[in-house]
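Colleague: Got a sequence here, can you model it:
(one chain, ligands or ions: 1)
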Amino acid sequence: MIIAIDGPAASGKGTLGKRLAAHFGLRHLDTGLIYRAVAKAVLDAGEPLGDVACAARAARTLDPSQFDETALKSHKVGEAASVVSAIPEVRAALLDFQRDFGRTPPGAVLDGRDIGTVIFPDADVKIFVTAAPGARARRRTLELQAAGASVQEADVLADILRRDERDTGRAAAPLKRAEDAHLLDTTHLDIDAAFRAAIDIVEAVRAGR
Ligand code: C5P
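Modeller: Model prediction:
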């Protein structure tokens, strides 16, 4: 089984993806990490983020077994990822890795921006997770503050809006809801309620409802 989860920054799709994978005995891939790894490689090389050759080379030579998730999750790398991810050559170089990951038994949950539209248009279940920008900014601020960062909610909101605009406005695989994706709005749901709602969606699809 392949479950495709897409949605904007800080919608909760990563946590949902992880929990759904554990619940259904599937593998999990946070595809944001691979774009973040490409961005970090370009930053580490001291090249501009728009350097297509450098970014594409980084994408082709990526080694996910070497990922340092803490470093990749930094704010700076996330911003940079939303720039390099708009480069078509980068997206093309990462396509096979994502498809191979998903097709390896027993199947997987992949979360990202274009899983249900480009990577697995035939996924068994597609969920588009969203939440109002204010709710996403509040959650992300609390998360960052819990990790010791001193951030203001207004700045986090501005970042989220900028990232939404970049991800939905780009020509290459923009963030959008697949026509057959189930919408899960988590604005008024905590993570447990969102998880239960996601399980209900998967069960209903599997039962042919
Ligand atoms: O999900 P996360 O915030 O870690 O993703 C970082 C950036 O990587 C996103 O803002 C987006 O631009 C890009 N991305 C993408 N396609 C994906 C996953 C992430 O373009 N499937």
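Colleague: how much space between the residue nearest to the spatial centre of the chain and Asp192?
Modeller: For the chain, the residue nearest the mean C-alpha position is Gly112 (2.8 Å; CA atoms, centre = their mean). With distances taken as CB to CB, to the nearest Å, Gly112 is found 23 Å from Asp192. Placement of C-beta: from N, CA and C, glycine included.
Colleague: Same question for His23.
Modeller: Counting by CB to CB, the gap from His23 to Asp192 is 12 Å.
Colleague: more crowded one of these two?
Modeller: The neighbour count for His23 versus Asp192, taken as other CB atoms under 10 Å, is higher for His23 (13 against 9).
Colleague: Enumerate every residue touching the more buried one.
Modeller: Ile199 (CB atoms under 8 Å, 6 or more residues apart in numbering).
Colleague: switch to 10 Å and redo it
Modeller: Val109, Phe195, Ala198, Ile199, Val202 (CB atoms under 10 Å, 6 or more residues apart in numbering).
Colleague: same deal with Gly107?
Modeller: Taking CB under 10 Å, 6+ apart as the test, what Gly107 contacts is Met1, Ile2, Ile3, Ala21, Phe24, Gly25, Leu26, Arg27, Ala123, Asp124.
Colleague: Including neighbour count, could those residues go into TSV?
Modeller: Shown next, in TSV, are the contacts of Gly107 (neighbours: other CB atoms under 10 Å):
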residue	neighbour count
Met1	16
Ile2	21
Ile3	29
Ala21	20
Phe24	18
Gly25	9
Leu26	20
Arg27	14
Ala123	24
Asp124	13
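Colleague: which two in those are spaced the farthest apart?
Modeller: In the contacts of Gly107, two members sit farther apart than any others by CB to CB. They are Gly25 and Ala123, at 16.9 Å.
Colleague: who does the host helix or strand of His28 touch, helix- and strand-wise?
Modeller: Element membership for His28 (DSSP states H and E) is strand 27-30. Strand 27-30 sits against strand 2-6, helix 13-24, helix 88-103, strand 108-112, with contacts defined as 3 or more CB pairs under 10 Å, 6 or more residues apart in numbering; DSSP states H and E.
Colleague: And the ones you listed: which comes nearest the ligand?
Modeller: Closest to the ligand of the helices and strands packed on strand 27-30 is strand 108-112 (CB to the nearest ligand atom; 2.4 Å).
Colleague: ok now that closest one, how far from the chain's centre?
Modeller: 8 Å (CA atoms, centre = their mean, to the nearest Å).
Colleague: which strands and helices sit next to that strand?
Modeller: strand 2-6, helix 13-24, strand 27-30, helix 32-44, helix 88-103, strand 125-130.
Colleague: Would the longest one count as contacting the ligand?
Modeller: To tie it back to what came earlier, the one meant is helix 88-103. No - using CB under 6 Å from any ligand atom, helix 88-103 never reaches the ligand; the gap is at least 7.3 Å.
Colleague: Inside helices: which ones of the contacts of His23?
Modeller: Using DSSP state H, the subset of the contacts of His23 located in helices is Phe195, Ala198, Ile199, Val202.
Colleague: Determine the three-state secondary structure at Ala172.
Modeller: Assigned with DSSP: H, G, I helix; E, B strand; the rest coil, Ala172 falls in the coil class.
Colleague: that older thread, between the contacts of His23, which is closest to the ligand?
Modeller: Among the contacts of His23, and counting by CB to the nearest ligand atom, the member closest to the ligand is Val109, at 12.9 Å.
Colleague: Much appreciated, bye for now.
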